[in-house]
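Enquirer: Just a sequence and a predicted model for now, questions to come.
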Amino acid sequence: MNYSKTGLQQLTERFEGCRLVAYQDSVGVWTVGYGHTHGVSEGLVISQPIAESWLLQDTAESVDCVNKCVRVSLSQPMFDALTDFAFNVGCGALNGSTLLKLLNAGDKENAAKEFEKWDHAGGKVVAGLLRRREAEAETFQA
């Protein structure tokens, strides 16, 4: 499957926002554009076209992850929610999650309840992450 334009806009772009000057996220990781972290360091400044290019590259990695680890059929909204989730928490986290175990066991209802458990960064609940997880869960269940 592929990440839909709707998913990209309503989840990843909406929650990441776009910052063209590198900044440290809530746990101190240097980030730029739409949540891009690879090779980012203090002082990096990019253009909007670069931010958009990196977003497509980064979400392609998440698409590959979801396509490889999910063993049940998904609706487009479910795929979009999982792609955004993988983009934000990482493929390794998705692969080791109870969310994925439940989903692959066919328990989509309880899998949807797992999104909200991923609302922490640096050991603390982050309001923005909670809103993102709620939006992912809502999309997943659409």
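Expert: Nice, thanks for sending it over. None of these values were measured; they are calculated from a predicted model. Numbers count the residues shown, from 1 in each chain.
Enquirer: What lies in contact with stretch 43-61?
Expert: 3, 8, 12-13, 16, 18, 20-22, 30, 32-36, 38, 83, 87, 91 (C-beta atoms under 8 Å, 6 or more residues apart in numbering). Using the backbone N, CA and C atoms, a C-beta is placed for each residue, glycine as well.
Enquirer: Tell me which residue lies farthest from the centre of this structure.
Expert: No residue in the chain has its C-alpha farther from the mean C-alpha position than G43, which lies at 24.8 Å (C-alpha atoms, centre = their mean).
Enquirer: From W30, how far off is that one?
Expert: G43 is 9 Å from W30, where distance means C-beta to C-beta, to the nearest Å.
Enquirer: Packing partners of the strand or helix carrying T83?
Expert: Assigned by DSSP states H and E, T83 falls within helix 76-89. In terms of contacts (3 or more C-beta pairs under 8 Å, 6 or more residues apart in numbering; DSSP states H and E), helix 76-89 is packed against helix 5-7, helix 48-69, helix 91-95, helix 127-140.
Enquirer: Adding mean neighbour count and distance to W118, write those out as JSON lines.
Expert: Converted to JSON lines, the helices and strands packed on helix 76-89 look like this (neighbours: other C-beta atoms under 10 Å; distance: least, C-beta to C-beta, whole Å):
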{"stretch": "helix 5-7", "mean neighbour count": "15", "distance to W118": "17"}
{"stretch": "helix 48-69", "mean neighbour count": "16", "distance to W118": "14"}
{"stretch": "helix 91-95", "mean neighbour count": "15", "distance to W118": "8"}
{"stretch": "helix 127-140", "mean neighbour count": "18", "distance to W118": "6"}
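Enquirer: related to what we said a few turns ago, buried members of the contacts of stretch 43-61 into PyMOL, please.
Expert: To isolate the buried members of these in PyMOL, using 16 or more other C-beta atoms under 10 Å:
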select buried, resi 3+8+12+13+16+22+30+32+33+34+35+36+83+87+91
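Enquirer: In helices only, show me the contacts of stretch 43-61.
Expert: Of these, the ones assigned to helices by DSSP state H are 16, 83, 87, 91.
Enquirer: for the residue farthest from the centre of the chain, phi and psi?
Expert: phi 90, psi -10 (degrees, to the nearest 10).
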